[in-house]
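1. structure for this input, please:
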Amino acid sequence: MFEKLKGVEERFLAIEKEMSDPETARDRDKYQSYVREHSELGKIVSVFRVHQKTLKDLEESTGLFQENDPEIRELARDEIETLTIKKDELELELKRLLMPRDENDDKNVIMEIRAGTGGDEAGLFASDLFRMYHRYAEKNNWKVEILSHHFTGVGGFKEVIALIQGKGAYSRLKYESGTHRVQRVPETEAQGRIHTSAATVAVLPEAEEVEVKIDPGEIRVDVCRSAGPGGQSVNTTDSAVRITHLPTGMVVTCQDEKSQLKNKIKAMKVLRARLLDQMTREQNEKISEERKSQIGSGDRSERIRTYNYPQGRVTDHRIGLTLYRLESILQGEIEALIDALMTYYQAQALQNEGSSKGPVRSTKNQPNA
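-> Numbers count the residues shown, from 1 in each chain. Next up, the predicted model:
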């Protein structure tokens, strides 16, 4: 590991030299590429340098422990104990920093939330989930833009697709993919019985055009009249857009905008994200059929998390974590859940270090750390 770290430091210094070259500064793309790499390597180099100094201090303290003076030996013993703990912590952090990084972590997110089993109650729960993520995004100063949505008759969502833009959005939200289950008494339930419903969440990294090239000849674009609640016509012109990707059969519909062009742009964003998601997971051999491993079927039994209203608790079944603060979590206070998931999967990745080559995309039960 330390030979690799020395190589990282050498690369870091080489990039600094390149960045100071006026010729490099004139090439904007090249310079920006160096800036990004310098920033990433800087995180590792700074910890490595602290580690190297700690080793040096530990060596000096070990030497002092050989002195005949009892007082000096006692001080050295305490120093050795403190420095040894620090050294171990730094080495663990360096191992984490050297782990293959998910190349999608800095990307924006396409989030798809769909009502699963449970009828109208599932639609209302899908709406609650969207509100939770929207508020979490606001707390992180991320921008949320609805790309497509379809209401149920009681004010819930059959489906809502949103673009979440902000630094680190995918790195934090990728753990939310899967089936979410709710246990509560619906407002329409006269007997006061607890019902169980579900909604699925898919978190996809936003794909750039350069990453996913879509041949215009491989898509079919259909336009139709936008439909509002109850089937009314929203616009006097055809503005809803349905794009079919012929090679895969993927279909994306967008009708949120009055402009046909804007709807097409939004639909293409969703299509590119879905194609990138499929391509990446196929490369890592993590799915048996398209997108199913990420969101499941929407059945109540395929759950990653349960929101239990009578007990006021939220349980994440992947890591066995239960928090008794349901209300605040639904208000977007989900940091504790996400932090625990990140810690868990990073620990798993450290244990499995060397068993995989490069980053692995998220699956339903094991997001990439």
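2. let me see the mean pLDDT of stretch 194-212.
-> For stretch 194-212, mean pLDDT rounds to 84.
3. for stretch 38-55, same thing?
-> 89.
4. give me the contacts around it.
-> Contact partners of stretch 38-55, identified using C-beta atoms under 8 Å, 6 or more residues apart in numbering, comprise 5, 8-9, 11-12, 15-16, 19, 83, 86-87, 90-91, 93-94, 97-98, 101. Heads up, the C-betas are built off the backbone N, CA and C, glycines and all.
5. now do stretch 150-169
-> Stretch 150-169 has contacts (C-beta under 8 Å, 6+ apart) with 105-115, 120-127, 130, 133-134, 137, 140-149, 173, 206, 229, 269-270.
6. cutoff 7 Å now
-> With C-beta atoms under 7 Å, 6 or more residues apart in numbering as the test, stretch 150-169 has contacts from 105-106, 108-115, 120, 123-124, 126-127, 130, 137, 140-149, 173, 206, 229, 269-270.
7. list the buried residues for that stretch?
-> 150-152, 156-157, 159-164, 166, 169 (16 or more other C-beta atoms under 10 Å).
8. nearest to Ser197 among the residues you listed?
-> Gly156 (10.0 Å; C-beta to C-beta).
9. spell out which helix or strand contains the residue nearest to the closest one when sequence neighbours are not counted, please.
-> Take Gly156 and drop its neighbours on the chain: the residue closest to it by C-beta to C-beta, 6 or more residues apart in numbering is Gly123, 2.8 Å away. Assessed by DSSP states H and E, Gly123 sits inside helix 120-139.
10. what sits up against that helix?
-> Here helix 120-139 makes contact (C-beta under 7 Å, 6+ apart) with 111, 113-116, 144, 152, 154-158, 160, 164, 166, 180, 182, 186, 195, 197-199, 201, 330-332, 334.
11. out of the residues you listed, which are inside strands?
-> 111, 113-115, 144, 157-158, 160, 164, 180, 182, 195, 197-199, 201 (DSSP state E).
12. what's the spacing between the residue nearest to the spatial centre of the chain and Pro310?
-> Centroid-nearest residue in the chain: Lys174, 2.4 Å away (criterion: C-alpha atoms, centre = their mean). In this view, Lys174 and Pro310 are 30 Å apart by C-beta to C-beta, to the nearest Å.
13. number of residues surrounding Val185?
-> When neighbours are counted by other C-beta atoms under 10 Å, Val185 registers 14.
14. re earlier: pull out the buried residues from the contacts of stretch 38-55.
-> Buried by 16+ other C-beta under 10 Å: Leu5, Val8, Glu9, Phe12, Ile15, Leu83, Lys87, Leu90, Glu93, Leu94, Leu97, Leu98, out of those.
15. which of these lies closest to Asp215?
-> Within those, proximity to Asp215 (C-beta to C-beta) peaks at Ile15, which comes in at 36.9 Å.
16. how about the closest one, nearest residue that isn't a chain neighbour?
-> His38 is the one closest to Ile15 (C-beta to C-beta, 6+ apart), at 4.9 Å.
17. as JSON lines, the buried residues of stretch 150-169 with distance to Thr315 and pLDDT would be great.
-> JSON lines is the format used below for the buried residues of stretch 150-169 (distance: C-beta to C-beta, whole Å; pLDDT from 0 to 100):
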{"residue": "His150", "distance to Thr315": "29", "pLDDT": "88"}
{"residue": "Phe151", "distance to Thr315": "29", "pLDDT": "87"}
{"residue": "Thr152", "distance to Thr315": "26", "pLDDT": "84"}
{"residue": "Gly156", "distance to Thr315": "23", "pLDDT": "89"}
{"residue": "Phe157", "distance to Thr315": "23", "pLDDT": "92"}
{"residue": "Glu159", "distance to Thr315": "25", "pLDDT": "91"}
{"residue": "Val160", "distance to Thr315": "24", "pLDDT": "92"}
{"residue": "Ile161", "distance to Thr315": "27", "pLDDT": "92"}
{"residue": "Ala162", "distance to Thr315": "25", "pLDDT": "93"}
{"residue": "Leu163", "distance to Thr315": "29", "pLDDT": "93"}
{"residue": "Ile164", "distance to Thr315": "25", "pLDDT": "95"}
{"residue": "Gly166", "distance to Thr315": "28", "pLDDT": "92"}
{"residue": "Ala169", "distance to Thr315": "25", "pLDDT": "92"}
